[in-house]
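**Q** Generate a structure from the sequence data that follows.
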Amino acid sequence: MLVIKRYPVLAAVLLATLIASPVMAQGAEMLVMDAPVTVCELPVDHPDMSRADKFTNRIRANYDPNAFGTATFDVTYTGFSQEAEDAFQFAVDIWEQHIESTVPIKVSANWTPLGANILGSAGANLVHANFAGAPLTSTWYGSALADALAGLDLDPPGSDINANFNSTLANWYFGTDGNPPAGEFDLVTVVLHELGHGLGFFGSMNVDDGDAGNGEECNGVNGEGCWGLEGVDFAVIFDRFAEDGPGVSLIDTDAYPNPSGTLAMALQSDDVHFDGALVGATLGNRGPLYAPNPWNPGSSYSHWDEDSFMAGDENALMTPFISSGESNHSPGPATCAHFNDIGWTLGTECAMLVANEPQATIAEGVTLGSAYPNPFTNEVTLTLRVDEPQHVRATLYDLLGRRIAVLHDGLVGAGSPLNISVSGASLQPAVYFVRVEGEQFVTTRRVVRVQ
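**A** Okay, here's the model as predicted:
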């Protein structure tokens, strides 16, 4: 059994302008700090090991190795054999089709001895806060996501993700077919998981064990929970979506002082959730996070809950346990939705996995229906209703922010529904965005054209 463990992250485009106007970090000092790594270890067998992964082929059916990626990874390989590099690159190619960034994502990949029980490590190299383009101030974003939001490389000399894998492990599976034999660990799956942490699947929550030899996870007091980065009480963007069972935010210091035993109890309650809007729409509920009692400093919090997404589940990639003989070559719907919630623009493959945006009241007296059918082949339609007559313009854009077509430009009467339709006849299979602008509102809907 492979358990992927994450050491605590102690705090830490043109298209973006079409969708929303991010809060600029005006008047706030831009901050950059080191981010710890994610570590994988080989523990004793987990009960989940008996659950054979039957979902891999269906997950991988969506991956087209010849498709155009919407992100570019620039990987520097050190010490890799050709077969190990090929497996790593295969995982990179998958991620390139699931997220979108105009800024190359720089990965430093090292094939090196790591110790008897350590499989590998990876994580964001730096975290950034208060940079121009940050959606929220006083919030940490991992390097790759921060670059994507800023539209430029915020740390040109450095890598965005550092990844190390154990060159002495004898039972790696280097194939890319998703069929590792029993007793071997699928390198593609492990790389996908670890790069997922580096891309932003991490938070800063921690529980102190009171052991000075391990350092002070919080304040050196055994049994106290905390979040933040070495004296800077900024939440990681992931933390802003974390809440307890009743729905109270874990960074609400009125309910959960930072640090406090109350927060530690919540983090070990087996009842912690990621409450992102798209995660909720995709799963039909909040995303369950791994929160066992006692706190596991390598696995707790920065993973989906293992019992909710066991081996074979389409969302199992970012759980803390991976069995030998198991493979999963897709981030899965929940993880794709999570990435969109924390700020990533989704690439084509992720966009096809997550829920369609539901009908919503986007301004007082303005309702925009869900795009249907979505994904689509021939035509997709959204219905707009307004209580007051006004001029409305609807425009179709591609992933690069290029205008493809004006779908409507004229008056919409009160109470008279406007059907905004996109024809797929002249469109390539890809993700597109419908921007709808009225006199007092603007909103965007994602539509996906498939073959």
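**Q** these two touch, right, residue 391 and residue 440?
**A** No: using Cβ atoms under 8 Å, residue 391 makes no contact with residue 440, being 10.7 Å away. To be clear about C-beta, it is placed using only N, CA and C from the backbone, and glycine gets the same treatment.
**Q** most centrally placed residue in the protein?
**A** Residue closest to the average C-alpha location in the chain (Cα atoms, centre = their mean): residue 339, at 2.6 Å.
**Q** for that one, what are its contacts?
**A** By Cβ atoms under 8 Å, 6 or more residues apart in numbering, the contact set of residue 339 is 98, 99, 199, 200, 201, 331, 346, 350.
**Q** for residue 249, same thing?
**A** Per Cβ under 8 Å, 6+ apart, neighbours of residue 249: 240, 242, 243, 255.
**Q** Please repeat the previous calculation with a cut-off of 10 Å.
**A** Residue 249 makes contacts with 235, 239, 240, 241, 242, 243, 255, 256, 275, as judged by Cβ atoms under 10 Å, 6 or more residues apart in numbering.
**Q** Could you point out the bridge partners of it in the sheet?
**A** residue 243 (DSSP bridges).
**Q** And residue 185, by the same measure?
**A** Going by DSSP bridges, residue 185 is paired in beta bridges with residue 172.
**Q** any idea how far it lies from residue 248?
**A** 38 Å (Cβ to Cβ, to the nearest Å).
**Q** Tell me which of the two has more neighbours.
**A** residue 185 (24 against 13; other Cβ atoms under 10 Å).
**Q** Just to check, the more buried one is in contact with residue 325?
**A** Yes: checked against Cβ atoms under 10 Å, the pair residue 185 and residue 325 is within contact range at 8.4 Å.
**Q** pLDDT score assigned to the residue nearest to the centre of the chain?
**A** Listed pLDDT for residue 339 reads 96.
**Q** what about it, which SS state?
**A** helix (DSSP: H, G, I helix; E, B strand; the rest coil).
**Q** cool, residue 361 as well?
**A** Per three-state DSSP, residue 361 ends up strand.
**Q** who touches it in this structure?
**A** 367, 368, 385.
**Q** The nearest residue to residue 78 once chain neighbours are set aside: which element?
**A** The shortest distance from residue 78 to any non-neighbouring residue, by Cβ to Cβ, 6 or more residues apart in numbering, is to residue 110 (4.8 Å). Assessed by DSSP states H and E, residue 110 sits inside strand 105-112.
**Q** same check, this time on residue 349
**A** Residue 349 belongs to helix 348-351, assigned by DSSP H and E.
**Q** before we move on, what about residue 416?
**A** With DSSP H and E as criterion, residue 416 is part of no helix or strand.
**Q** ok, so what distance separates it from residue 325?
**A** 59 Å.
**Q** and what of residue 74?
**A** Following Cβ to Cβ, the distance that separates residue 74 from residue 325 is 32 Å.
**Q** Pick out whichever of the two has more residues nearby.
**A** residue 325 (19 against 12).
**Q** Not counting sequence-adjacent ones, nearest residue to that one?
**A** Leaving aside its sequence neighbours, residue 325 sits nearest to residue 182 (Cβ to Cβ, 6+ apart; 4.3 Å).
**Q** where do the helices sit along this protein?
**A** Secondary structure of the chain (DSSP state H): helices at 14-19, 56-60, 82-96, 143-150, 187-199, 261-267, 277-283, 333-342, 348-351.
**Q** Nearest to residue 168, out of those helices?
**A** helix 82-96 (12.4 Å; Cβ to Cβ).
**Q** Would you mind listing the buried residues in that closest one?
**A** 84, 85, 87, 88, 89, 90, 91, 92, 93, 94, 95, 96 (16 or more other Cβ atoms under 10 Å).
**Q** What of stretch 174-193?
**A** Buried residues in stretch 174-193 (16+ other Cβ under 10 Å): 174-176, 178, 180, 184-193.
**Q** Using a markdown table, lay out the buried residues of helix 82-96 together with distance to residue 134 and pLDDT.
**A** Shown next, in a markdown table, are the buried residues of helix 82-96 (distance: Cβ to Cβ, whole Å; pLDDT from 0 to 100):
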| residue | distance to residue 134 | pLDDT |
| --- | --- | --- |
| 84 | 36 | 97 |
| 85 | 34 | 98 |
| 87 | 35 | 98 |
| 88 | 30 | 97 |
| 89 | 31 | 96 |
| 90 | 32 | 96 |
| 91 | 28 | 97 |
| 92 | 26 | 96 |
| 93 | 29 | 95 |
| 94 | 27 | 95 |
| 95 | 22 | 96 |
| 96 | 24 | 95 |
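**Q** gap between residue 363 and residue 213?
**A** According to Cβ to Cβ, residue 363 and residue 213 sit 56 Å apart.
**Q** With residue 410 instead?
**A** As for residue 410, its distance to residue 213 is 71 Å (criterion: Cβ to Cβ).
**Q** If you count surrounding residues, which of those two has more?
**A** Neighbours were counted for residue 410 and for residue 213 using other Cβ under 10 Å; residue 410 has more, 9 against 5.
**Q** thinking the more buried one is in contact with residue 393, fair?
**A** Yes: in terms of Cβ under 10 Å, residue 410 counts as a neighbour of residue 393; the distance is 8.2 Å.
**Q** ok so, going back, for the contacts of residue 361, which single residue is the most surrounded?
**A** Going by other Cβ under 10 Å, residue 368 tops the contacts of residue 361 with 26 neighbours.
**Q** Hmm, residue 381 and that residue touching each other?
**A** No: counting by Cβ under 10 Å, residue 368 sits too far from residue 381 to count as a contact (11.5 Å).
**Q** Now the common contact residues for these two.
**A** Common contacts of residue 368 and residue 381 (Cβ under 10 Å, 6+ apart): residue 420.
**Q** Next, work out how far apart residue 70 and residue 380 are.
**A** Applying Cβ to Cβ, the value for residue 70 to residue 380 is 20 Å.
**Q** likewise residue 236?
**A** Counting by Cβ to Cβ, the separation of residue 236 from residue 380 is 35 Å.
**Q** Compare these two and say which one has the larger neighbour count.
**A** residue 236 (30 against 23).
**Q** My guess is that one contacts residue 146. True?
**A** No: at 11.4 Å, residue 236 and residue 146 do not qualify as touching, with contact defined as Cβ under 10 Å.
**Q** List the residues that are in contact with both of these two.
**A** With Cβ under 10 Å, 6+ apart as the test, residue 236 and residue 146 both reach 124, 127, 129, 140, 200.
**Q** pLDDT added to the residues you listed, as a markdown table?
**A** Output for the shared contacts of residue 236 and residue 146, formatted as a markdown table (pLDDT from 0 to 100):
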| residue | pLDDT |
| --- | --- |
| 124 | 91 |
| 127 | 93 |
| 129 | 94 |
| 140 | 94 |
| 200 | 94 |
